[in-house]
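Below are the sequence and a predicted model for it; my questions follow.
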Amino acid sequence: MDAIAQRYQDFADREAAGRSVIYETLARHVATSPGTLAFLRRLPAARQQPNLLFAALRLVAGTPASVAAFDRALRDHARSVARIMLTHVTQTNEPGRCAVLMPVLARIKGPLALIEVGASAGLCLLPDAYGYHWTGHRLDPPAGDGLAPPVFSCVTSTDTPLPDRHPEIIWRAGLDLNPLDLSRDPDVAWLEALVWPEHHDRLGRLRAAIAVARTMRPRIVAGDLRHDLPALIAEAPKGATLVVFHTAVLTYLADQRDREEFAAGMIRDPGIVWVSNENPRVFPGFAPAALPPRKGMFLLSVNGLPQAWTEPHGGAMHWISTGEVTAGQLARPGPGAGKSSRTGP
């Protein structure tokens, strides 16, 4: 089995199984389909991922009802599907991930200033605007503005520290290579196409979160996390605890050295609380402290210290740490004593 076929087989086994029958079926089919594999080989390696293919095809031709319908749609619309795959990225701006971020954010001394790396349209920059229903515990969304904010459900382990109030967030900004604009219908359509086909509740909550974001208008800056993050960090107010976070973003940095350099920069800066929610393969050095692993789940860490295993879309959380986290706490020694790059306004 070649590398592309193996990628789709792994996607079926590790990500789609138990979460999307349609995507699991399609991914297994792609792994054995000479025609689809040939189509993918004509694209750059960074544009061959399953989520991108399936979302692009659905945007062009709708959700295929069968493997045969998938083959017909790709054959009939190959040029349009390829164009979308070359001009779009998998910016799955799943606001439900706030349900697994909130137990961590609520433990950090505030007020908070948030920077999200890979922010897409900025829906995860608004955790204080949503409601949450964790196992045996509910936190209602703030009242006001005549909106109906989404309430995100999350199955949590009994030792998960669940907050009774939203954190105080006084400043927020996002960084993304290609920010999505919620005032543009094509950008909203792309966000909706990235929601997996059977996940109707997710789609409804996404639309509700978009309505909130259109009112709150979080600021998203176009830029590369490898070069442009320090300038944004420098804008954060000095009177707040700065939290830099990301979910399912660093996996798209193909070079492991880039990931490690980013992690080292976060860890050695005592003025930052760094929250990472990624596939455990992104930072393999963190995973041993979180054993045993949980299949198909992300590893949520603070300053490199594992805190919880989380379902990729925010639907479940298994707590693995009880230690308090502060801005200056380091999970492992950095390459040198770093000073914060923040200058503040």
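Structure received. Just so we're clear, the structure is a prediction, and the values are computed from it rather than from any experiment.

Quick check on the most centrally placed residue in the chain: phi, psi?
Centrality entry for the chain: nearest residue to the mean C-alpha point is Thr247, 3.2 Å, by CA atoms, centre = their mean. Geometry field for Thr247 lists phi and psi as phi -140, psi 120, criterion degrees, to the nearest 10.

Look at Ala46 and report its pLDDT.
What the model reports as pLDDT for Ala46 is 89.

next one: Thr251
Model confidence at Thr251, expressed as pLDDT, equals 88.

quick one on the thing from earlier: can you pull the contacts of the residue nearest to the centre of the chain?
Glu94, Arg97, Leu101, Gly118, Cys124, Asn277, Glu278, Phe298 (CB atoms under 8 Å, 6 or more residues apart in numbering). From N, CA and C alone the C-beta is placed, and that goes for glycine too.

Tell me which of those fall in strands.
Residues from the contacts of Thr247 lying in strands, with DSSP state E as the criterion: Asn277, Glu278, Phe298.

Can you tell me which of those is closest to Ile22?
Nearest to Ile22 among those is Phe298, at 22.0 Å by CB to CB.

Quick check: nearest residue in space to the closest one, chain neighbours excluded?
Nearest residue to Phe298 in three dimensions, chain neighbours excluded: Thr310, at 4.8 Å (CB to CB, 6 or more residues apart in numbering).

isn't the one you found right next to Met317, touching?
Yes: between Thr310 and Met317 there is a contact under CB atoms under 8 Å: 5.1 Å.

which residues do those two both contact?
Both Thr310 and Met317 are in contact with Val100, Leu300, where contact means CB under 8 Å, 6+ apart.

sorry, back to before: only whichever of the contacts of Thr247 are buried, select them in ChimeraX.
To isolate the buried ones among the contacts of Thr247 in ChimeraX, judged by 16 or more other CB atoms under 10 Å, type:
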select :94,97,101,118,124,277,278,298
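
Looking at the contacts of Thr247, which is nearest Gly136?
Closest approach between the contacts of Thr247 and Gly136, by CB to CB: Leu101, at 19.3 Å.

So that closest one versus Val243, what's the distance?
Relative to Val243, Leu101 is positioned 9 Å away (criterion: CB to CB, to the nearest Å).

Can you pull the residues that touch both of the two?
If you check Leu101 and Val243 against CB under 8 Å, 6+ apart, the residues they both contact are Val275.

Mind exporting the C-alpha coordinates of stretch 143-157 to CSV?
Extracted C-alpha coordinates of stretch 143-157, given in CSV (Å, rounded to 0.1, in the frame of the first residue of the first chain):
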residue,chain,number,x,y,z
ALA,A,143,-27.6,36.4,28.7
GLY,A,144,-28.1,39.4,26.4
ASP,A,145,-27.9,40.6,22.8
GLY,A,146,-31.0,38.7,21.8
LEU,A,147,-28.9,35.8,20.4
ALA,A,148,-29.3,32.1,21.1
PRO,A,149,-25.7,31.0,21.7
PRO,A,150,-24.9,27.3,21.2
VAL,A,151,-24.6,25.0,24.2
PHE,A,152,-21.9,22.4,23.7
SER,A,153,-22.2,18.9,25.2
CYS,A,154,-19.1,17.1,26.4
VAL,A,155,-18.7,13.8,28.2
THR,A,156,-16.2,14.3,31.0
SER,A,157,-14.4,12.0,33.5
